[in-house]
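> Output the structure for:
(chains A and B)
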Amino acid sequence: MNAILQVKNVTKRYGGLTANNDISFDVAPQEILSVIGPNGAGKSTLFKQVAGFVTPTTGEVIYKGTKISGLPPHKVARLGVVRTFQETTIFKSMTVRENVIVSHHLRSKASLLGFFFGSAQAKADEAEFGKSADDIIDFLGLQAIRDETASNLPQGHLRALGMAIGLATQPEIILLDEPFAGMNHDETMRMVALVRRLRDERGLTVLLVEHDMPAVMKISDRIVCINFGEKIAEGTPAEIQANPRVIEAYLGSEDAAIGM
Amino acid sequence: MTDQTQSTPVVKAILSTSRLLGIGAFLLGVFVLVPVIINLTGRWDFYYTLTSVALLSVAAAGVWLTFYIGRINIGQGAYALMGGYVSAVLMTQYGVSFWLTLPLAGIFCALVSVLIGLPILRLRGVYFAMVTLVLTEVARLTALALPITNGAKGITSIPLPGELSIFGLTIIPDFATLENPKLAFYLMAALLMTLTYVVLWRIVNSRLGHLCRSLQQNEELSASIGVNTAMLRVLSYAISSFFGGLAGAIFVAISQSIYPSSFVVQDSVNFMLYCFLGGLGYVFGPMLGTLLLYFGWDLLSIAREYQLLIYSGALIALMLVLPNGVLSLLDKKGGSK
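You can find the predicted model right below:
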């Protein structure tokens, strides 16, 4: 496998607590890979280390042959690995369109002084960002709320907006933090279709952390399962569903099947 | 909204007639009407008051910019004091022209603020506010302790601004030879204020301002969309301190003296209040806030012992009725920023 992202022996300790212990896995280009595990298993910590918000104690994260662990988030984002947050993390007092436009920052070619004096480059950037923002808004079906202030939006829309913000940075790998949390069945199915389209139509590699097992089983190419900070299984949804260690981690017994 | 209107919001905003009228009225009022009215009424003391308003609003503009990136700055007094001392020391001990010390004072403050800002701008909310509050006191004590600042005796007999000429052409005459230096100081301060707010307006309405807003609303998300948040914070803080230093330097030129107690914690708190009262969401908020509060305080002196009572009462009432600042009145009428 020609991996686009490699997590290599990543360990993160907070004092005496080991949040991640020697976790390794590879992500192939244009793959949808889910990281699952019970609450407190260390999924979020792992995510933060990939996106540059937390530096691993030992081990490293390699993206296209470059070590990205230890870099600050804005540099990791610049290289093409971008994290979206859970729904409350948006720019609240901007409109949907402004949220998406400002998130194009990475594509900006003008300098800070150029912004200030309104150079031709800065104007060209703004025009391009406006167009690209509209494309993304159309892609995600948010046309109706384009000029709505973000703080007035319901949860489902906020989640989509978070994704729009992530897309605006034009990443190669997008990390989705619980994209299906708190959604009903219909909303989840729509979101599953959307995440697929990210990969199929925009060519993204998707890494997601999720609790919703039916959705994970439906959407993932492969799954990595973590428990108590350690990787206990890796494989296709079918393999994971049949894995006794996964079943034990989730249910504490072998006789109930997880997922569907 | 079409793409066309979106790509040229700045041009449109500048060219809209109401805005042009507003700018014209502002310039006319500040540079023509005020001197004429003062001449007619003979209230020459108002020159000093209004010069102070203009200078304080320059410093307050800096505070406002730090508010704009989501930091409560109660430390502007430190930079005003620092800028004042830089200008005073350069003029009295090295014989540098006032006009050269002005930008130097601003740049010195900006550089110091980068050093101070790098560690403290990592703090948020009340923690940052507390550190900046202490900063003013630290600046005062430093001025007391350093030999170059002459301790508690301060620096006095600072010359008035001299002549400024380029290639033999006199641009600004020597203030000491002027019949009415008060008017000259007023015009200088008003010009500086105008320039400051043009700069501030440009910052806020360019991409730089959008990035500042993204920082104000969510720093983590801002970082994850690729904004170098640490750099942007320090940059805003440096611009803010630059304004503080400029204002301090001119104050020194006007009063021709500076003491460690020239700018104290009270001043820092006032700068913050000007921003709050004027409106944190409006570029011209700190200017209006300074005018209302400082001029209002001055006018209330006719109430004698009730001055503070009325003033504080009005402050509390304003905060209750207009929590988003005086300029939020415009929004209620459907106006724009």
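> Could you pull out the helices in the stretch 101-250 of chain A for me?
All helices of the stretch 101-250 of chain A, identified by DSSP state H, counting those that start in this stretch, fall at A:112-117, A:120-139, A:155-168, A:185-202, A:213-219, A:237-242, A:244-251.
> now, of the ones you listed, which is deepest in the fold?
helix A:155-168 (a mean of 23; mean count of other CB atoms under 10 Å in any protein chain shown). (C-beta placed from N, C-alpha, C; glycine too.)
> Work out the gap between that one and the centre of the chain.
11 Å (CA atoms, centre = their mean, to the nearest Å).
> How about that helix and chain B, touching?
Yes - under the criterion of CB under 8 Å from any CB of the partner chain, helix A:155-168 makes contact with chain B via A:I165, A:G166, A:A168.
> so what secondary structure elements neighbour that helix?
In terms of contacts (3 or more CB pairs under 8 Å, 6 or more residues apart in numbering or on different chains; DSSP states H and E), helix A:155-168 is packed against helix A:96-102, helix A:120-139, strand A:173-177, helix A:185-202.
> Let's see the shortest one as PDB, backbone CA atoms only.
C-alpha atoms of strand A:173-177 as PDB (Å, rounded to 0.1, in the frame of the first residue of the first chain):
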ATOM      1  CA  ILE A 173      -6.800  14.800   4.000                       C
ATOM      2  CA  ILE A 174      -9.800  15.900   6.000                       C
ATOM      3  CA  LEU A 175     -10.200  14.800   9.600                       C
ATOM      4  CA  LEU A 176     -13.900  14.700  10.700                       C
ATOM      5  CA  ASP A 177     -14.600  14.700  14.400                       C
END
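> That one to helix A:155-168, inter-axis angle?
Counting by axes from the mean of the first three to the mean of the last three CA atoms, to 10 degrees, strand A:173-177 lies at 160 degrees to helix A:155-168.
> quick one: strand A:173-177 near chain B?
No - applying CB under 8 Å from any CB, one finds strand A:173-177 separated from chain B by no less than 9.2 Å.
> Report the angle between that strand and helix A:185-202.
Using the same axes, to 10 degrees: strand A:173-177 against helix A:185-202 is 170 degrees.
> Residues in contact with strand A:173-177: which ones?
A:4-5, A:27, A:44, A:47, A:50-51, A:63, A:80-86, A:163, A:166-167, A:195, A:198, A:204-210 (CB atoms under 8 Å, 6 or more residues apart in numbering or on different chains).
> what's the distance between that strand and the middle of its chain?
The answer for strand A:173-177 is 1 Å, by CA atoms, centre = their mean.
> Kindly report the same for stretch B:197-209.
15 Å.
> Then stretch A:179-192?
That offset, for stretch A:179-192, works out to 16 Å (CA atoms, centre = their mean).
> and it, what's its mean pLDDT?
Stretch A:179-192 comes out with an average pLDDT of 85.
> Could you say which helix or strand holds A:P29?
If you go by DSSP states H and E, A:P29 is not part of any helix or strand.
> Please apply the same query to B:V53.
Applying DSSP H and E, one finds B:V53 within helix B:45-68.
> Flag every buried residue along that helix.
B:46-47, B:49-68 (16 or more other CB atoms under 10 Å in any protein chain shown).
> ok, and the closest non-adjacent residue to B:D174?
Nearest residue to B:D174 in three dimensions, chain neighbours excluded: B:E163, at 4.3 Å (CB to CB, 6 or more residues apart in numbering or on different chains).
> distance of that neighbour from B:I254?
As judged by CB to CB, to the nearest Å, B:E163 and B:I254 stand 18 Å apart.
> mind exporting the helix or strand encompassing B:L40 as PDB, just the C-alpha atoms?
Element membership for B:L40 (DSSP H and E) is helix B:34-41. Taking C-alpha atoms only, helix B:34-41 is exported to PDB below (Å, rounded to 0.1, in the frame of the first residue of the first chain):
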ATOM      1  CA  VAL B  34     -14.200  73.400  15.900                       C
ATOM      2  CA  PRO B  35     -11.500  76.200  15.500                       C
ATOM      3  CA  VAL B  36     -14.200  78.600  14.200                       C
ATOM      4  CA  ILE B  37     -16.500  77.900  17.100                       C
ATOM      5  CA  ILE B  38     -13.700  78.200  19.700                       C
ATOM      6  CA  ASN B  39     -12.700  81.500  18.200                       C
ATOM      7  CA  LEU B  40     -16.200  82.800  18.300                       C
ATOM      8  CA  THR B  41     -16.900  81.700  21.900                       C
END
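> Now do that helix: which elements does it pack against?
Judged by 3+ CB pairs under 8 Å, 6+ apart, the packing partners of helix B:34-41 are helix B:45-68, helix B:181-205.
> Helix or strand next in line after the shortest one, which one?
In the C-terminal direction, the helix or strand that comes right after helix B:45-68 (DSSP H and E) is helix B:76-94.
> got the buried residues for that next one?
Buried, per 16+ other CB under 10 Å, within helix B:76-94: B:76-92.
> what residues does stretch A:129-144 touch?
A:96-97, A:100-101, A:104, A:107-108, A:146, A:157, A:160-161, A:163-164, A:167-168, A:194, A:197, A:201-202, B:3, B:6-7.
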